[in-house]
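Q: Next comes the sequence, and after it the predicted model I'd like to discuss.
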Amino acid sequence: PDPTAGTVGGRHIVLTSWYANHLLGFIFGSRISVMDCTNAESAPYRHVLLVNPRRLWGINWLTTIRVHAGGIVWYGKYLYVAGGQHGIRVFRLDDIVRVRNRFRTKTYRYVLPQFTAYAADHDASVGEMMYSFMSLDRAGDEDHLVAGEYGRKGGSHRLMRYPLDRDTELLRRDDRGWAVPAELHDRQVERMQGATLVDGTWVITASNGKGKPGDLWVGRPGDYVRHVGVLPTGPEDIAYWPQRHQLWSLTEWPRQRWVYAIDADTWAKAPH
């Protein structure tokens, strides 16, 4: 509840997101992992399956959330999940359920039902936005949800910031009821996988393919410094933990999935 504390019930908690796919690329479902890293010697964790509740023929059904879940934002009681071209999924963390019949939930003990969603829309003159990753920016007088777009050479590579309402803990809406970005930057870093802000400085992760180290880009739109090969292979989303002065990230390749932190004071410096 206290955004300055950086803890939950006195515990240091990290949330990460994952998705499972078939050899042919079909997404089977998405989950989060809740890790208690209060003790440096031990970090117990539990997986939570993301589900969409449905009622059909008088029966309650739980279907899996089939998105890449490449980025998440934990803001108050809500968890925002990047939903690709469809927009943003929203989950209320108080709705986590401990299930009795694991057969209905793919053996998961805990599930988190979807609360609502923001459907993506765009003007006809521009291409649709791919919500590939997200992070939280608390540095200014107003909190913002940062959203970005992965793309190879020739893509749009956009970065955006949406204002957050501190009272409702949802995206701030205009008179039409729309959530509109307060800031948009086009043609940014190719193959970027995550982006966050550290006191106004953008920190971006970018991948270079399987088996190749990732890059860290630091600076401001149009003025970045590229730190080549300083990240593990397959870097994904990135988040800033201000109380610890740490940048947290994770990797995506099977059997090479690491969750790790790097020192923000060392890397998150704007170019001179």
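A: Arrived safely, thanks for sending. Numbers count the residues shown, from 1 in each chain.

Q: Determine the set of other helices and strands touching the least confident helix or strand in the chain by mean pLDDT.
A: Lowest by mean pLDDT, DSSP states H and E among the helices and strands of the chain is strand 59-64, with a mean of 84. The helices and strands touching strand 59-64, judged by 3 or more Cβ pairs under 8 Å, 6 or more residues apart in numbering; DSSP states H and E, are strand 27-36, strand 45-56. All C-beta spots, glycine's among them, are computed from the backbone N, C-alpha and C.

Q: If you count neighbours, what's buried in the last one?
A: By 16 or more other Cβ atoms under 10 Å, the buried positions in strand 45-56 come out as Tyr45, Val48, Leu49, Leu50, Val51.

Q: Equivalent analysis for the first one, please.
A: When neighbours are counted by 16+ other Cβ under 10 Å, the buried residues of strand 27-36 are found to be Ile27, Gly29, Ser30, Arg31, Ile32, Val34, Met35.

Q: Taking strand 59-64 as reference, get the angle to that strand.
A: 80 degrees (axes from the mean of the first three to the mean of the last three Cα atoms, to 10 degrees).

Q: Over to Glu128. Which of the three states is it?
A: Taking DSSP: H, G, I helix; E, B strand; the rest coil as the rule, one finds Glu128 in the coil state.

Q: Spit out the contact partners of it.
A: Gln85, Ala120, His122 (Cβ atoms under 8 Å, 6 or more residues apart in numbering).

Q: sorry, back to before: identify, from the buried residues of strand 45-56, the entry nearest to Asp215.
A: Tyr45 (28.1 Å; Cβ to Cβ).

Q: Pretty sure that closest one sits against Arg31.
A: No - the criterion here is Cβ atoms under 8 Å, and Tyr45 misses it with Arg31 at 11.3 Å.
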